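Trainee: How does the following fold in three dimensions:
(2 chains)
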Amino acid sequence: MSTVLEIQRDSFEFEFEGNLALSEEHKKIVFWQAEFAQSCYSPASRQEENIGQEFYKLAVQWREETRYLSSISEISMNPEYQKIIGMGGEVVPFILRELKQSPAYWFWALKAITRVDPVPVQHKGNIEKMTECWLKWGLGQGYVF
Amino acid sequence: MSFEKLEEKFPNLKRESYRITSEATTQYNCIAWAIEKDDLVWWPDTMDQYSWPQDIVREEGLDAFISFFRRLGYEVCDDDLLERGFEKIALYVDENARGTHAAKQLKNGKWTSKLGPDEDIEHDTLIALVGAKLGVIGQILKCPVTS
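Mentor: A predicted model of the protein is given here:
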């Protein structure tokens, strides 16, 4: 099965050529890969690009598998989420970028990987404030996202 | 939200009427929604990331959630029937009796649930959400309301 992907820079529309039957999730992965490729964050190496692709693949799966779940533990102990944590420090800028664009429950992962917690007690549970704290921390650490 | 996705995850919803009552948001969760708040995520997570009263044990057992709602004036009760003068909350648990979800009864007798980081829905019965995702109903609580 072959795929020819053309991205129109202004509208981020896709044209899929060939005989394809891509699932919605697969399309999301492809979209994020394409967006990543066009973003101002240019991968410095093939390894970085691979990390990004792996992260987005796992993130999409995580999001799908934890849909509608309320338990933070279940959301965070999800195997795909744990694999992201296992990717270590190199995945942090990708998480921060994702957090910036679409606040989600990435805080367990960030704390587990970085071993820090820049969120003060009074902001715990306030997703907007927690996001601000982590993004500020990330900028302070020199991450580009 | 995809109704198909919703019914795929909660097959019992197919057997009754329900409606989606909000857009997806991560800003609040089921516990917050049950206490009519939409600005915080409440959960006794062991990584200390989310809101939880400091003097209630930070663990996911049913008792911790009961303690949480007791603090707000709720007491355990035996049924999910609409009762004049009371509002009710239902706590769901998994097979290990850990809390998984809270639903709140509406004045019309139906229930409202915030489904994790996704949408709120209004559903006819508590059974609608029973299943692999959220487990079973662990405890129902009620609190007197002033008219």
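Trainee: what pairs with residue B:98 across the strands?
Mentor: When bridges are called by DSSP bridges, residue B:98 pairs up with residue B:61.
Trainee: In contact with it: list those residues for me.
Mentor: Residue B:98 makes contacts with A:71, A:73, B:60-62, as judged by Cβ atoms under 8 Å, 6 or more residues apart in numbering or on different chains. Any C-beta I mention is one placed from the backbone N, CA and C, and that applies to glycine too.
Trainee: By neighbour count, which of these wins?
Mentor: Greatest neighbour count in these, by other Cβ atoms under 10 Å in any protein chain shown, goes to residue A:71: 25 neighbours.
Trainee: and residue A:10, what pLDDT?
Mentor: Model confidence at residue A:10, given as pLDDT, is 34.
Trainee: how close does the closest residue to chain A within chain B get to residue B:116?
Mentor: Per Cβ to the nearest Cβ, residue B:51 is where chain B lies closest to chain A, at 2.9 Å. Distance of residue B:51 to residue B:116, given as Cβ to Cβ, to the nearest Å: 16 Å.
Trainee: Pick out whichever of these two has more residues nearby.
Mentor: Neighbours per residue (other Cβ under 10 Å) separate residue B:51 from residue B:116, with residue B:116 holding more: 25 against 20.
Trainee: tell me which element that one falls in.
Mentor: Using DSSP states H and E, residue B:116 is not contained in any helix or strand.
Trainee: just for chain A, where's the confidence low?
Mentor: A:1-44 (pLDDT under 70).
Trainee: Which single residue of it ends up nearest chain B?
Mentor: With Cβ to the nearest Cβ as the measure, residue A:125 is the residue of chain A nearest to chain B, at 2.9 Å.
Trainee: Would you confirm that that residue contacts residue B:45?
Mentor: No: counting by Cβ atoms under 8 Å, residue A:125 does not reach residue B:45; the two are 9.7 Å apart.
Trainee: so what sits against both of these two?
Mentor: With Cβ under 8 Å, 6+ apart as the test, residue A:125 and residue B:45 both reach residue B:52.
Trainee: So the residue nearest the centre of chain B: helix, strand or coil?
Mentor: The residue lying closest to the centre of chain B (Cα atoms, centre = their mean) is residue B:102, at 1.4 Å. Per DSSP: H, G, I helix; E, B strand; the rest coil, the secondary structure class of residue B:102 is strand.
Trainee: pretty sure it is touching residue B:92, no?
Mentor: Yes: counting by Cβ under 8 Å, residue B:92 is a contact partner of residue B:102 at 7.3 Å.
Trainee: how about the helices in chain A?
Mentor: Along chain A, the segments classed as helices by DSSP state H run A:24-38, A:46-65, A:72-77, A:79-86, A:92-101, A:107-114, A:127-140.
Trainee: what would these look like in CSV with distance to chain B?
Mentor: Listed next are the helices of chain A as CSV, based on distance: least, Cβ to the nearest Cβ, whole Å:
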stretch, distance to chain B
helix A:24-38, 9
helix A:46-65, 9
helix A:72-77, 4
helix A:79-86, 11
helix A:92-101, 10
helix A:107-114, 5
helix A:127-140, 5
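Trainee: Out of these, which gets nearest to residue B:123?
Mentor: Of all these, it is helix A:72-77 that lies closest to residue B:123, at 20.7 Å by Cβ to Cβ.
Trainee: what about the nearest residue to residue A:63 once chain neighbours are set aside, neighbour count?
Mentor: Distances taken as Cβ to Cβ, 6 or more residues apart in numbering or on different chains put residue A:104 closest to residue A:63, at 7.5 Å, once the chain neighbours are dropped. Counted with other Cβ under 10 Å, the neighbours of residue A:104 add up to 19.
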